[in-house]
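sequence and predicted structure are below.
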Amino acid sequence: MKLGLLYEIQIPKPWTPGIEARAYGEVLDQVVLADKLGWGYVWAVEHHLLPQWSHCPAPEVLFGAITQLTSQIRIGHGIALLPRNFNHAIRVAERAAVLDILSGGRVELGTGRAVTLQELDGFEVNPDDTQAMWAEAIEILVRAWRDEPVEYSGKFYNIPPSYVVPKPVQKPHPPLWLAGTNPDTFTLAGRKGLGMLGFVTGTPEQLAPRIAAYKEAVKNAEPVGAFVNDQSAVLIQTYCAESHDQAVRDVTQPLEIVAQLAAELFLPWAEKGRERKAETYKYLAEQQQAAIRAGANTSDVEQRTRDGVIAVGTPDELVKLFRTYRDMGVDQMLTWVQFGGLEHRKIMQSMELIGKYVIPELNR
């Protein structure tokens, strides 16, 4: 099992002068440390118009810096938004190729379609079109890396014969992933031969059927790319300390902040989802599901730790939990370490413990 870092770049209020610059500097310090300690991957989201929750609208720029500061860790878009108003498919292909060159072939490209109404409405994207837009765009991505010239005719794209340069270092192309929270997306990723970025939280028992569905579907994949990327990854908030009690104390307030921000993040779906009638987002539009995602039903930190919803505790406790996920077929844990205003110093200390005691055990 591999560990990945996942960054939203959360910056809760109150905001002080220079706080965003400081946050980005801290992220770079954390990634450099992860590269030294043996993390396999670093992922960053692409989110727009979500203040406090995510200040990471241009991950490809951040990745450019990371390519020059690291040597081993793989660099993953988690994700590039493929609805056209966010990104033209050819631009995604071009940017990923340049990153692959600068990193010496370390790029992973996660894809998806956005989950918040704030982003969809802000960029004038019809939620009902996002699935079809994604399907066209990911096909164009592969063609842009493979074909000379690339040509495409569809509902959302009409590309005349065109030469896309540069090409990625990795041949035939960087590994492709699909992100999602909807249970159906796990099956879709498997059928398409894509790695699965499971951006959903729950107990191992709740997530196991989704991982099983992915693993079953990927057996008979018809890959959209040139190869099957049979990998599943699961997001989990992660913090390690020398004692269990200390770990719980350190993250209690940051986790409360995350729950509050999440409630605000998905409130528009709870309020407007039914009237919008966005069929492929109906799981978010249902009041109960929106409340669950918003954290309204979350129990205390101790209970969530016991349930395996979050990875908070000593190195031994984290090893035990990650092995549980590994045994049910998860290939990578997406450790979300920078959340809710947790202090940079504490994040670095937690990472040191994970690098010293947890990663070696997972490599056995």
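That came in fine, so what should we check first? Bear in mind the structure is a predicted one, so any value in this text is a computation, not a measurement.

lowest-pLDDT helix or strand in this structure?
helix 287-293 (a mean of 48; mean pLDDT, DSSP states H and E).

show me what contacts the most centrally placed residue in the chain?
Compute the mean C-alpha point of the chain, and by CA atoms, centre = their mean the closest residue is residue 78, 3.8 Å away. Residues near residue 78 by CB atoms under 8 Å, 6 or more residues apart in numbering: 6, 43-45, 59, 110, 177, 179, 197, 334. From N, CA and C alone the C-beta is placed, and that goes for glycine too.

any chance of those in JSON lines, with neighbour count, distance to residue 32 and secondary structure too?
Putting the contacts of residue 78 into JSON lines (neighbours: other CB atoms under 10 Å; distance: CB to CB, whole Å; DSSP: H, G, I helix; E, B strand; the rest coil) gives the following:
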{"residue": "6", "neighbour count": "25", "distance to residue 32": "17", "secondary structure": "strand"}
{"residue": "43", "neighbour count": "28", "distance to residue 32": "16", "secondary structure": "strand"}
{"residue": "44", "neighbour count": "26", "distance to residue 32": "15", "secondary structure": "strand"}
{"residue": "45", "neighbour count": "23", "distance to residue 32": "20", "secondary structure": "coil"}
{"residue": "59", "neighbour count": "25", "distance to residue 32": "17", "secondary structure": "helix"}
{"residue": "110", "neighbour count": "25", "distance to residue 32": "22", "secondary structure": "strand"}
{"residue": "177", "neighbour count": "25", "distance to residue 32": "24", "secondary structure": "strand"}
{"residue": "179", "neighbour count": "27", "distance to residue 32": "25", "secondary structure": "strand"}
{"residue": "197", "neighbour count": "31", "distance to residue 32": "23", "secondary structure": "strand"}
{"residue": "334", "neighbour count": "23", "distance to residue 32": "19", "secondary structure": "strand"}
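
rebuild these as CSV, extending it with pLDDT.
Listed next are those as CSV, based on pLDDT from 0 to 100:
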residue, pLDDT
6, 98
43, 98
44, 98
45, 98
59, 98
110, 98
177, 98
179, 97
197, 98
334, 98
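
next, format those residues as TSV and append distance to residue 222.
Shown next, in TSV, are the contacts of residue 78 (distance: CB to CB, whole Å):
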residue	distance to residue 222
6	29
43	26
44	30
45	28
59	29
110	20
177	17
179	20
197	20
334	26
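
helix or strand: which one has the residue nearest to the centre of the chain?
strand 74-81 (DSSP states H and E).

could you say what helices and strands the following helix or strand past that strand packs with?
Tracing the chain past strand 74-81, the next element assigned as helix or strand by DSSP H and E is helix 89-103. The elements that helix 89-103 packs onto, with contact taken as 3 or more CB pairs under 8 Å, 6 or more residues apart in numbering; DSSP states H and E, are helix 59-69, strand 74-81, strand 107-112, helix 130-146.

ok, 6 Å please
helix 59-69, strand 107-112, helix 130-146 (3 or more CB pairs under 6 Å, 6 or more residues apart in numbering; DSSP states H and E).

give me the angle between the last one and strand 74-81.
In other words, helix 130-146. 140 degrees (axes from the mean of the first three to the mean of the last three CA atoms, to 10 degrees).

buried residues of the longest helix seen in the chain, list them for me.
If you go by DSSP state H, the chain has its longest helix at helix 244-276. Of all the residues in helix 244-276, those buried under the rule 16 or more other CB atoms under 10 Å are 247-248, 250-251, 254-255, 257-258, 261-263, 265-270, 273, 276.

and for stretch 139-148?
Result for stretch 139-148 [16+ other CB under 10 Å]: buried residues 139-145.

got those as JSON lines, with distance to residue 101 and pLDDT columns?
Converted to JSON lines, the buried residues of stretch 139-148 look like this (distance: CB to CB, whole Å; pLDDT from 0 to 100):
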{"residue": "139", "distance to residue 101": "23", "pLDDT": "98"}
{"residue": "140", "distance to residue 101": "20", "pLDDT": "98"}
{"residue": "141", "distance to residue 101": "16", "pLDDT": "98"}
{"residue": "142", "distance to residue 101": "18", "pLDDT": "98"}
{"residue": "143", "distance to residue 101": "19", "pLDDT": "98"}
{"residue": "144", "distance to residue 101": "15", "pLDDT": "98"}
{"residue": "145", "distance to residue 101": "12", "pLDDT": "98"}
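
now do the same contact list for residue 281.
Residue 281 makes contact with residue 127, according to CB atoms under 6 Å, 6 or more residues apart in numbering.

hang on, I meant residue 19
Residues in contact with residue 19 (CB under 6 Å, 6+ apart) are residue 11.

and it, how far from residue 10?
11 Å (CB to CB, to the nearest Å).

and if you look at residue 20?
11 Å.

so the two - more neighbours on which side?
Neighbour totals were compared for residue 20 and residue 10, and residue 10 leads with 22 against 12 (other CB atoms under 10 Å).
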